[in-house]
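> Quick one, what's the 3D model for this:
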Amino acid sequence: MALTRRIEALATEAGFFPLVLSTDGQSDLEDRAIRTLKSLNVAGAIIAPLGVESHRQTLAEYGQSVPLVYVDSPLDDTSAFVGTDNAQSFRLIVDYLCRSGEPPSYLGMPDVNTNARTRENAYLDAMAQFGMTPHVLPVPKVRTWDFERFGFEETMRLAGSPSGLPTKTILCANDRIAFGAIAAAYKLGLKVGHGGNANLRIAGHDDHPLSRYACPPITTVAQNVSEIGGRAVNMLLVMLGEADSDRENFSATGRFLLSGDLMLRESA
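You can find the predicted model right below:
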């Protein structure tokens with residue numbers, strides 16, 4: 001929502017009337033949204049696609065007639081995209097977790113978009129850079145946007161198994177999974193946080209608006225939502241001929257990857 005508000009404000013300031021369509025993680029609603037955009041003859045669109053369930057061919061064909069910029073996750077390797085540099089952000093938080101306690105195991109996300117793969121690879125690369133043995137926790141290959149439930153059920157299963165967790169630190173693919181992991185730890189009687197009296201450290205990624213109000217507040221990496229929104233709008237304006245490409249530093253590949261910032265809180 002913070003990204004949506006930022007984009008709406010900048011589009012309005014640029015003289016456009018922004019229209020927000022939500023798919024709520026549902027493929028049929030994404031199809032309806034695409035048809036709605038076509039019927040309204042919009043100037044251009046900024047899209048957060050569903051990922052593996054997206055209407056790739058439909059969006060690719062639509063992008064030939066209307067400028068499209070993707071955020072959150074790219075549609076493919078050639079689409080115009082603005083998002084977080086996962087390699088940088090995971091290197092940042094893995095470095096902190098390794099220096100401040102046991103190296104982290106990785107609790108991935110359902111394979112719903114390219115973030116699932118790029119973030120796991122970013123974790124593996126970061127652990128290799130720091131000379132640490134990676135531990136990717138085994139989770140089922142499911143496609144669900146109910147990340148909180150996924151994090152809860154998988155942490156309950158893994159932490160409650162006879163073998164337990166390989167380390168006392170869990171790095172979650174995103175904060176919503178961390179919410180579920182923290183709830184599972186509570187149910188299992190495990191104390192999450194710093195210090196000798198804590199049983200488990202849990203960290204996330206994205207800096208969800210509610211992360212600072214979790215119990216305990218979640219250590220995470222903040223995406224630069226304001227800059228992502230600004231870059232996405234600027235990129236679209238350049239594609240529409242409404243802004244100067246040199247002034248906006250519009251790259252030849254049509255991609256901007258922005259650095260994340262470490263947010264240190266009580267969970268890890």
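
> Please name the bridge partners of residue 83.
The bridge-partner assignment for residue 83, based on DSSP bridges, gives residue 257.

> what about it, neighbour count?
Using other Cβ atoms under 10 Å, residue 83 is surrounded by 23 other residues. Quick note: C-beta positions are derived from backbone N, CA and C, even for glycine.

> Might you report the residue contacts of it?
70-74, 223, 228, 256-258 (Cβ atoms under 8 Å, 6 or more residues apart in numbering).

> neighbour-wise, which of those residues leads?
residue 70 (26 neighbours).

> That one should be in a strand, yeah?
Yes: in this structure, residue 70 lies within a strand as judged by DSSP: H, G, I helix; E, B strand; the rest coil.

> Quick one: residues contacting residue 214.
So residue 214 contacts 178-179, 182, 267 (Cβ under 8 Å, 6+ apart).

> And residue 266, by the same measure?
Contact analysis of residue 266 by Cβ under 8 Å, 6+ apart lists 193-194, 216-217, 219.

> Kindly recompute the last result at 10 Å.
Contact analysis of residue 266 by Cβ atoms under 10 Å, 6 or more residues apart in numbering lists 192-195, 198, 201, 212, 214-219.

> ranking those residues by neighbours, who comes first?
Neighbour max across the contacts of residue 266 (other Cβ under 10 Å) = residue 218, 29 neighbours.

> I'd say residue 189 and residue 156 touch.
No: applying Cβ atoms under 10 Å, one finds residue 189 not in contact with residue 156, separated by 11.9 Å.

> between those two, who's got more neighbours?
The neighbour comparison of residue 189 against residue 156 (other Cβ under 10 Å) goes to residue 156, with 17 against 7.

> quick one: what helix or strand has that one in it?
Using DSSP states H and E, residue 156 maps to helix 147-159.

> separation between residue 214 and residue 2?
As judged by Cβ to Cβ, to the nearest Å, residue 214 and residue 2 stand 17 Å apart.

> was I right about residue 123 contacting residue 92?
No: using Cβ under 10 Å, residue 123 makes no contact with residue 92, being 11.8 Å away.

> what about those two, which has more around it?
Using other Cβ under 10 Å, the more surrounded residue of residue 123 and residue 92 is residue 123, with 27 against 18.

> any idea of the pLDDT on that one?
The per-residue pLDDT reported for residue 123 equals 98.

> Quick one: residues contacting it.
Counting by Cβ under 10 Å, 6+ apart, residue 123 makes contact with 86-87, 90-91, 93-94, 104-108, 134-136, 171, 173, 205.

> which SS class is it?
helix.

> ditto for residue 229
Under three-state DSSP, residue 229 comes out as helix.

> Quick one: low-confidence residue ranges for the stretch 1-150 of the chain.
Applying pLDDT under 70 to the stretch 1-150 of the chain picks out residues 51-54.

> Next, count neighbours for residue 12.
11.

> Residue 1 now?
Residue 1 has 8 neighbouring residues, counting by other Cβ under 10 Å.

> Likewise for residue 138?
Residues lying near residue 138 (other Cβ under 10 Å) number 9.

> Over to the one 10 residues further on?
Here the neighbour count serves as a burial measure; for residue 148 (other Cβ under 10 Å) it reads 17.

> is it true that it touches residue 177?
Yes: the criterion here is Cβ under 10 Å, and residue 148 meets it with residue 177 at 7.4 Å.

> Tell me how far residue 195 lies from residue 266.
Distance of residue 195 to residue 266, computed by Cβ to Cβ: 10 Å.

> what do the two both touch?
Counting by Cβ under 10 Å, 6+ apart, the shared contacts of residue 195 and residue 266 are residue 201.
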